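K.L.:
how would this look folded up:
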Amino acid sequence: MLDALRREDGALWWVGNGGSAGLCAHLSQDALNKLGVRSMVLADAPLLTCMANDFGYAKVYEQPLQTLARTGDMLICVSSSGRSDNILRCAKLAQERGMKLITLSAFADDNPLWKIKADVSFHIPTMLYGHTEVGHEALLHSVLETMMLCEQV
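P.N.:
Residues are numbered from 1 along each chain as shown. Now for the predicted structure:
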């Protein structure tokens, strides 16, 4: 999916809160730098505070994605609990826009993000934030670095 996204000049969007936002920023840079994918994370403090102030925190990512994201782009949603309204709204927007959707969650296996029909979903069965964040990072690094290695062969 990432290779097709790059060939079709689609954009890769990342959303997450707290530690997951940091993970998204790190891996977005890796996708851009190592794979040449147009990859962007919505992590600019003035943008986020503007969106939260004008539209509420539930729309902090959704509002800019409505303007910036296009059909054929891909969205990666990362949420430890899988219950963050602002992340769930983005997942639904991606589905409505015809974007590819990848979700990563943990904690309870009945969380809404895990239940959403995505193109690829990962769920880590743990209730610990540290295990969740390390697991999500390991999964995403393995995908990006495997893709990078395959290109070198």
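
K.L.:
per-residue pLDDT of the residue most central in space within the chain, please?
P.N.:
For the chain, residue 76 is the residue whose C-alpha lies nearest the centre (C-alpha atoms, centre = their mean; 2.2 Å). Residue 76 carries a pLDDT value of 98.

K.L.:
what about it, helix or strand, and which?
P.N.:
strand 74-78 (DSSP states H and E).

K.L.:
quick one: mean pLDDT over the helix or strand following that strand.
P.N.:
Remark: after strand 74-78, the chain's next helix or strand is helix 85-97, criterion DSSP H and E. The average pLDDT within helix 85-97 is 98.

K.L.:
in the longest helix along the chain, what counts as buried?
P.N.:
As assigned by DSSP state H, the longest helix anywhere in the chain is helix 129-152. Neighbour-count burial for helix 129-152, counted by 16 or more other C-beta atoms under 10 Å, picks out 132, 133, 135, 136, 137, 140, 143, 144, 147. Yep, even glycine has a C-beta here, placed from its N, CA and C like the rest.

K.L.:
between these, which sits nearest residue 98?
P.N.:
In terms of C-beta to C-beta, no member of the buried residues of helix 129-152 lies closer to residue 98 than residue 143, at 21.9 Å.

K.L.:
who's in contact with that closest one?
P.N.:
Taking C-beta atoms under 8 Å, 6 or more residues apart in numbering, we find residue 143 in contact with residue 2.

K.L.:
many thanks, have a good one.
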